[in-house]
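Colleague: Sequence first, then the predicted structure:
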Amino acid sequence: MVELSSINWVEWFGYCASLVVLISLTMSSIIKLRLINFIGCLLFAAFAYFINSWPTMVMNLGIAVINVYFLYKIYSTKEEFKIVSTSIDSEYLRHFISHDEVEITKQISLDQLYQANRVFYMLRDDSIAGVLIGDLNENGCFDIYLDYVVPKFRDYKLGTYYFKTNQHFLQQRGVRVLKAVANHYTHRDYLIKMGFTVDEGKELHFSKRLQV
């Protein structure tokens, strides 16, 4: 009975390790894919050890090392960031929005979005990684309607760069205060991570004053 329970436990461990590897392959973010796959490979290597399958263990440890290598390259490579202004009636912007319309309209309606007076492309190594759309008033208060990043660049680097470490990009365009409304708990957590604070008496309303 003890031996049977032990076998069942090892088998379930193997199923769990396989599931983690499978989940990693569904990630649109390359960083999440590498990280979750790394964890899955370690689990699968442990499973291989339990069943005395040395080739399987070596292979998964090798894949884990490869994941670490590419994660290191991602985080150590110096990337270039830039903000480029465009108009709300830009043909390319309309194409960009239509391409990801299903996801974008979960955050804001297109009618409201097209009332914005400021649009910024957020570039990462000369690729358009996202858009920042909103309304900028004469006092420098920028109400963010949409802060959208394409899936493969969702690693917080854009937000960290523009909202925290290099605020001058927005300041040069007249932005002094950022305002946003959290439409989901993940959006709320993102805003807090980027240094936004909750407006007094308004639980879902956030703001951030750019440092001079």
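Modeller: Yep, it's here. Source: prediction; values computed, not measured. Numbering: from 1, shown residues only.

Colleague: from here on, contacts and neighbour counts on C-alpha atoms
Modeller: Will do.

Colleague: pLDDT score for the closest residue to M27 other than its chain neighbours?
Modeller: Distance criterion Cα to Cα, 6 or more residues apart in numbering; nearest residue to M27, sequence neighbours excluded, is L33 at 5.2 Å. Here the pLDDT value assigned to L33 is 92.

Colleague: Wasn't L33 part of a helix?
Modeller: Yes - applying DSSP: H, G, I helix; E, B strand; the rest coil, one finds L33 inside a helix.

Colleague: Run a quick neighbour tally on it.
Modeller: 18 (other Cα atoms under 10 Å).

Colleague: In a helix, S85, correct?
Modeller: No - the assignment for S85 (three-state DSSP) gives strand, which keeps it out of a helix.

Colleague: Tell me who's in contact with it.
Modeller: By Cα atoms under 8 Å, 6 or more residues apart in numbering, the contact set of S85 is 118-121.

Colleague: Tell me the one among the residues you listed nearest to S76.
Modeller: Closest to S76 out of the contacts of S85 is Y121 (24.2 Å), distances taken as Cα to Cα.

Colleague: That closest one touches D147, doesn't it?
Modeller: No - using Cα atoms under 8 Å as the test, Y121 is too far from D147 to be in contact (10.2 Å).

Colleague: between the two, which one's more packed in?
Modeller: Each of Y121 and D147 has its neighbours counted (other Cα under 10 Å); Y121 has more, 20 against 17.

Colleague: Give the other helices and strands that the host helix or strand of that one contacts.
Modeller: For Y121, the enclosing helix or strand under DSSP states H and E is strand 118-124. Helices and strands touching strand 118-124, by 3 or more Cα pairs under 8 Å, 6 or more residues apart in numbering; DSSP states H and E, are strand 81-86, strand 127-136.

Colleague: Redo those as TSV? Include mean pLDDT and distance to S207.
Modeller: As requested, these are exported to TSV (pLDDT from 0 to 100; distance: least, Cα to Cα, whole Å):
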stretch	mean pLDDT	distance to S207
strand 81-86	92	21
strand 127-136	95	14
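
Colleague: Let me know which of those strands is tucked in deepest.
Modeller: Highest mean neighbour count of the helices and strands packed on strand 118-124: strand 127-136, a mean of 20 (counted as mean count of other Cα atoms under 10 Å).

Colleague: List the neighbouring strands of it plus their orientation.
Modeller: strand 118-124 (antiparallel), strand 141-149 (antiparallel) (DSSP bridges).
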